[in-house]
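Q: output the structure for:
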Amino acid sequence: MKNIFTIAEKCLYHSDIIQKIQLTHHAKKLAESNQLSFQSADSVLAITKTKFPEHPLLLKPRDMPRRRLNSELGKAAFFHALAHIEFIAIYLAWDILYRFRGLPDVFYQDWLSIADEEAQHFTLIREHLHEMNVDYGDFPAHRGLWDHAEDTAADILARLAMVPRCMEARGLDVTPQMIKKFKIQDDQKSVELLTRILNDEVGHVKTGSYWFKLICEQRGLNYEEKYKELIEKYYVGKPKGPFNRELRIIAGFSNAEINWLEQRA
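A: This next block holds a predicted model:
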């Protein structure tokens with residue numbers, strides 16, 4: 001029987017893109033047929049040793065070029081940036097299940113399902129890029145998401161607060177506006193792709209909220225206060241609004257949390 005942590009290690013510490021996608025889908029199928037072990041025995045490798053592909057070139061967020069959607073180059077750059085977010089999201093899902101041991105099997109099953117969906121998203125966006133004669137790696141990208149993973153590698157609550165409940169939740173705020181822009185351009189393919197991703201991402205953030213609240217409850221912590229504490233500790237600057245209250249509520253945020261984010265923005 002295959003072990004989920006062995007597969008996670010291969011996904012995180014080898015840089016081949018195709019292998020990572022195939023392993024992710026294979027692991028999901030193994031889990032669905034009860035052929036995957038969630039028994040933890042091996043040691044955990046350092047997050048700083050994680051392997052990424054040689055391309056794209058990774059820049060600091062402030063050094064990324066600004067492009068507009070009303071040009072073919074701008075549209076290609078937008079979807080390349082989105083492909084990079086989804087690619088790193090595969091790593092993020094694998095890393096949270098690899099790094100934090102001793103949790104119920106369903107925790108690992110949840111994040112494996114998310115890794116599988118992120119891999120689907122990446123593949124769909126990459127195909128969309130190919131239709132624009134662009135491939136993943138042709139533009140620079142930034143490593144902001146992964147910086148948050150490294151910062152929170154020793155604290156499961158910090159990871160849940162900063163990745164699904166902060167950085168990924170931002171997609172719930174901005175993606176509906178991007179969908180409207182592509183509707184105006186009558187770009188139905190882009191609208192369908194972004195709508196699919198948005199619907200799945202609501203579920204991903206909801207999973208992060210569920211585990212954040214559960215672990216807080218198990219530790220006797222008020223999850224709303226703990227969320228504020230962790231965002232203030234790990235997020236540099238002010239949270240970016242506006243916030244999509246409707247989608248964030250569906251994804252497990254409380255009105256009090258959203259009110260606090262709006263006050264902080």
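
Q: need the strands for the stretch 101-250 of the chain, in chain order.
A: 141-142 (DSSP state E, counting those that start in this stretch).

Q: ok, longest helix in this structure?
A: helix 188-218 (DSSP state H).

Q: S40 looks like it's in a helix, true?
A: No. According to DSSP: H, G, I helix; E, B strand; the rest coil, the state of S40 is coil, so it is not within a helix.

Q: just give the nearest non-adjacent residue to it, would you?
A: Among residues not flanking S40 along the chain, R101 sits closest, at 4.4 Å (CB to CB, 6 or more residues apart in numbering). Any C-beta I mention is one placed from the backbone N, CA and C, and that applies to glycine too.

Q: point out where this protein drops to low pLDDT.
A: Across the chain, not a single residue meets the criterion (pLDDT under 70).

Q: packing partners of the longest helix of the chain?
A: helix 72-99, helix 105-131, helix 156-162, helix 169-184, helix 223-234, helix 245-250 (3 or more CB pairs under 8 Å, 6 or more residues apart in numbering; DSSP states H and E).

Q: make TSV out of the ones you listed and add mean neighbour count.
A: As requested, the helices and strands packed on helix 188-218 are exported to TSV (neighbours: other CB atoms under 10 Å):
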stretch	mean neighbour count
helix 72-99	22
helix 105-131	20
helix 156-162	23
helix 169-184	17
helix 223-234	17
helix 245-250	16
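
Q: what's the closest of these to L36?
A: helix 105-131 (8.1 Å; CB to CB).

Q: now that closest one against helix 188-218, angle please.
A: 160 degrees (axes from the mean of the first three to the mean of the last three CA atoms, to 10 degrees).

Q: burial of the residue nearest to S40, as a residue count?
A: When neighbours are defined as other CB atoms under 10 Å, R101 has 15 of them.

Q: related to what we said a few turns ago, JSON lines for the helices and strands packed on helix 188-218, including distance to F5?
A: Formatted as JSON lines, the helices and strands packed on helix 188-218 follow (distance: least, CB to CB, whole Å):
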{"stretch": "helix 72-99", "distance to F5": "6"}
{"stretch": "helix 105-131", "distance to F5": "9"}
{"stretch": "helix 156-162", "distance to F5": "16"}
{"stretch": "helix 169-184", "distance to F5": "27"}
{"stretch": "helix 223-234", "distance to F5": "26"}
{"stretch": "helix 245-250", "distance to F5": "31"}
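
Q: looking at these, which is closest to Q35?
A: helix 105-131 (12.8 Å).

Q: and the closest one, what other elements does it pack with?
A: Looks like helix 105-131 contacts helix 4-12, helix 17-32, helix 72-99, helix 188-218 (3+ CB pairs under 8 Å, 6+ apart).

Q: picking that back up, okay, buried residues for the longest helix of the chain please.
A: 190-191, 193-194, 197-198, 201-202, 204-213, 215-216 (16 or more other CB atoms under 10 Å).
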